[in-house]
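Participant: Sequence and predicted model, in that order:
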Amino acid sequence: MASTDLHSLVGQTAIVTGSSSGIGEAIAKELARAGADVVVNYHGSERDAQATVDDILAMGRRSFKVQADVASESDVVAMFDEAERQLGPIDIVVSNAGLQRDAELTEMTLDDWNMVISTNLTGAFLVGREAVRRFRKKGRRPEVSRALGKLIFDSSVHQTIPWAFHVNYAASKGGLKLLMESIAQEVSAEGIRVNAVGPGAIATDINKLEREKEGGLESMLQLIPYGRVGDPVDVGRAVAFLASDASDYVVGQTLFVDGGMTLHPSFKGNG
């Protein structure tokens, strides 16, 4: 049967897309810290991906890197094939890869729109679809988990909060919310748990310039009732929880990791 430690991921294998840096890197490491072997997916920097792999190997877990564009159907299938070849059946899949291409609506190009939608939303569909296929093929392994498989999407507070000048990103995350919920509705009866995390402001390279410009951090903190910008590990720990049997009755939910940003603090005392 599964470990008596409901937070343990020992004996399980995970794929984390976009895990060479930032939130994805933290997710991969936290899954490994909980006991999982981890496939590190990257699109751009092989060097960063190898650094993540090395950190996981140093924890005594198995790991390797695989390059794949999540917006490519053939790349996604090949990634899962290689993961199973090297590490065996896949128990946990985290669809994390995502990007931004920001512009005002009237200045946004079709390429900007298509790139964000193809990676953030179509990529999530391709990864999620393949995950379910592989979970079904694998079958249940009650000695490691009560669930047939765990599929976790990295969404955003902007699945609920509109974001002017970022319409492609907000649309991709709004779509991701219903993608996740619809998949959960479809496959949960099989024992596949599907959930998401919704990060708020997390200190990564994607917002580094905004945080470091004059007054940037102060402006950001006005949106965060808890009074600090999040760290990638905050999201990683939430994902590790959702991947564990400690959350076995959590299905079709988004766990916001946002310091209260979705509480819309600008309305405090107003309205």
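Facilitator: In hand now; what should we look at?

Participant: now the strands: where do they sit in this protein?
Facilitator: Along the chain, the stretches classed as strands by DSSP state E are 13-16, 37-42, 63-67, 92-95, 149-154, 192-199, 254-257.

Participant: Skipping its backbone neighbours, what lies nearest Glu25 in space?
Facilitator: Using C-beta to C-beta, 6 or more residues apart in numbering and skipping residues adjacent in sequence, the residue nearest Glu25 is Thr52, 5.0 Å away. For glycine as for every other residue, the C-beta is placed from the backbone atoms N, C-alpha and C.

Participant: What segments of this protein are helices?
Facilitator: Remark: helices assigned in the chain by DSSP state H are 22-33, 46-58, 73-87, 110-117, 123-138, 167-187, 208-212, 216-221, 232-243.

Participant: coming back round to it: please determine how far the residue nearest to Glu25 is located from Val127.
Facilitator: 18 Å (C-beta to C-beta, to the nearest Å).

Participant: Val40 is in contact with Leu87, correct?
Facilitator: No. Leu87 is beyond contact range of Val40, at 11.3 Å (criterion: C-beta atoms under 8 Å).

Participant: list residues touching both of these two?
Facilitator: Listed as contacting both Leu87 and Val40 by C-beta atoms under 8 Å, 6 or more residues apart in numbering are Phe64.

Participant: more neighbours, these two?
Facilitator: Neighbour comparison, Leu87 and Val40: the larger count goes to Val40, with 29 against 19 (by other C-beta atoms under 10 Å).

Participant: Just the pLDDT for the more buried one.
Facilitator: The model reports Val40 with a pLDDT of 98.

Participant: what separates the lowest-mean-pLDDT helix or strand in the chain from the chain centre, distance-wise?
Facilitator: Scoring the helices and strands of the chain by mean pLDDT, DSSP states H and E places helix 208-212 at the bottom, with a mean of 79. Offset of helix 208-212 from its chain centre (C-alpha atoms, centre = their mean, to the nearest Å): 22 Å.

Participant: Also stretch 158-168?
Facilitator: Centre-to-centre, stretch 158-168 and its host chain are 18 Å apart (C-alpha atoms, centre = their mean).

Participant: Buried residues in that stretch, which are they?
Facilitator: Buried residues in stretch 158-168, defined by neighbour count with 16 or more other C-beta atoms under 10 Å: His158, Gln159, Thr160, Ile161, Trp163, His166, Val167, Asn168.

Participant: ditto for stretch 234-252
Facilitator: Result for stretch 234-252 [16+ other C-beta under 10 Å]: buried residues 234-245, 247, 251.

Participant: Check stretch 135-153 too.
Facilitator: Residues 135, 138, 141, 144-153 are the ones in stretch 135-153 that count as buried (16+ other C-beta under 10 Å).

Participant: give me the low-pLDDT residue ranges for the stretch 51-200 of the chain?
Facilitator: Of all residues in the stretch 51-200 of the chain, none has pLDDT under 70.

Participant: contact partners of stretch 174-181?
Facilitator: The contact list for stretch 174-181 (C-beta under 8 Å, 6+ apart) reads 117, 120-121, 124-125, 128, 153, 155, 158-160, 194-196, 252, 254.

Participant: cool, stretch 205-214 as well?
Facilitator: By C-beta under 8 Å, 6+ apart, the list of residues contacting stretch 205-214 from outside reads Ser21, Gly22, Gln100, Ala201, Ala203, Gly216, Leu217, Met220, Val229.

Participant: which one of those residues sits closest to Ala58?
Facilitator: Set against Ala58, the nearest of these by C-beta to C-beta is Ser21 (17.5 Å).

Participant: ok, the closest one touching Glu46?
Facilitator: No. Counting by C-beta under 8 Å, Ser21 stays clear of Glu46, with 11.8 Å between them.

Participant: returning to what we had before: nearest to Ala71, of the buried residues of stretch 158-168?
Facilitator: Among these, Asn168 lies closest to Ala71 (C-beta to C-beta), at 13.8 Å.

Participant: you'd agree the closest one is up against Thr109?
Facilitator: No. Asn168 lies out of contact with Thr109 (C-beta under 8 Å); the separation is 9.9 Å.

Participant: Done for today, thanks.
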